[in-house]
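S.K.: My questions concern the predicted model and sequence given below.
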Amino acid sequence: MSYITVVGAGSWGTTLACLLSTKGFDISLWVYEKELAEEIKANRVNSAYLPDVTLPDNIRVTSNFHDALKKTRYIVNAIPAQYTRSTFTQALPYIEDEAIIISVSKGIERGTLVTVSSILKEISHHPVAVLSGPSFAKEVIKKLPAAVTLATEDRNTALLLQEIFNVNNFRVYTHDDVIGTELGGALKNVMAIAAGISDSLGLGNNARASLITRGLTEMTRLGVAMGAKERTFSGLSGIGDLVLTCTSPLSRNYTVGTKLGQGLKLKDILNQMKSVAEGVPTSESAFALSKKYSIETPIIEQIYKVLYEDKDPVVAVKDLMERTLKSEFGE
């Protein structure tokens, strides 16, 4: 029996399990791959995603949902967005009625065009909170300072979860805009791909700064149309996460953009990656959402065309720069 279960043993899920374990909680870490689960249990190291870290003794590792979720009060969803529905559909029969789900996955589901919290609310009756913000796993696990946003509609739940997740090096702020917090975390990955392309092409600091600024405008514009609060995008889960992922090779999505700018094909790039780059499927969903809500998102559109229509990144930059001139704030 564990007080908290982390579902998903990628680098972020494993890092959060380690972080929560420092507060003395009994933690279960559910691992999709049975062989990896056995290896972690034997060696106390997640060699696939966090090879330099020894897992604390109060983290129990399993690939069995019954064992992972028995009597669990809080469930952390660290499954990639495109696999959350199928994974939690399997997990639901084992989840206690009183359990609260905290999603740390950043993406928009293909086809349905909904965020991860919407998926979880659709398939279950459980309250869902969202944890998002600028927080590379490789830095958090080293206990370097980070600050994030925890969003939930219920204030009492927010205050409780804030206390659970907050540690000295990991500061947690509360917010009530769940959809905005999620969209910031999802859409910034699309912009990170664009930033990687820009830097790979040698377009310079001016271009990257412009890209981040106009990218934030697109994220905000689309988010507000979907019911988010505008101010959310000026916070940690918006511009905070955006700046982080657009300026560091630690970002998987930035790395995808860098390799695209070097001329590699998307299929080959993804085949070389162990972890999921959520910005790739999210680009498709974001482009579809911009059409659904009739929102102008030129950067998202160009990234979609580079990824899914094999458009030359150099031509995409040219098309962005040669668009019709206009006022910055739309007066």
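M.R.: That came through, no problem. Residues are numbered from 1 along each chain as shown.

S.K.: Which elements pack onto the helix or strand hosting residue 138?
M.R.: Residue 138 is part of helix 137-140 when elements are defined by DSSP states H and E. Using 3 or more CB pairs under 8 Å, 6 or more residues apart in numbering; DSSP states H and E as the contact definition, the elements that helix 137-140 packs against are helix 11-21. From N, CA and C alone the C-beta is placed, and that goes for glycine too.

S.K.: give me that answer again for 10 Å
M.R.: The elements that helix 137-140 packs onto, with contact taken as 3 or more CB pairs under 10 Å, 6 or more residues apart in numbering; DSSP states H and E, are helix 11-21, strand 50-54, strand 146-151.

S.K.: Can you give the strand pairings for the next helix or strand after the second one, parallel or anti for each?
M.R.: Taking DSSP H and E as the definition, the helix or strand that follows strand 50-54 towards the C-terminus is strand 59-62. Paired neighbours of strand 59-62 in the sheet (DSSP bridges): strand 27-30 (parallel).

S.K.: quick check: mean pLDDT across the partner strand?
M.R.: For strand 27-30, mean pLDDT is 97.

S.K.: all strands in the stretch 51-200 of the chain, in order from the N-terminus.
M.R.: Counting by DSSP state E, counting those that start in this stretch, the segments of the stretch 51-200 of the chain that form strands are 59-62, 74-77, 100-103, 128-132, 146-151, 170-175.

S.K.: a markdown table please, covering those strands and showing mean neighbour count.
M.R.: What follows is the strands of the stretch 51-200 of the chain, written out as a markdown table (neighbours: other CB atoms under 10 Å):
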| stretch | mean neighbour count |
| --- | --- |
| strand 59-62 | 21 |
| strand 74-77 | 26 |
| strand 100-103 | 24 |
| strand 128-132 | 27 |
| strand 146-151 | 22 |
| strand 170-175 | 18 |
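
S.K.: With distance to residue 262 added, can I get those in JSON lines?
M.R.: Below are the strands of the stretch 51-200 of the chain laid out as JSON lines (distance: least, CB to CB, whole Å):
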{"stretch": "strand 59-62", "distance to residue 262": "38"}
{"stretch": "strand 74-77", "distance to residue 262": "34"}
{"stretch": "strand 100-103", "distance to residue 262": "33"}
{"stretch": "strand 128-132", "distance to residue 262": "30"}
{"stretch": "strand 146-151", "distance to residue 262": "30"}
{"stretch": "strand 170-175", "distance to residue 262": "35"}
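
S.K.: can you map out the helices along the stretch 151-300 of the chain?
M.R.: 155-165, 178-200, 204-225, 241-245, 252-261, 266-271, 279-292, 298-308 (DSSP state H, counting those that start in this stretch).
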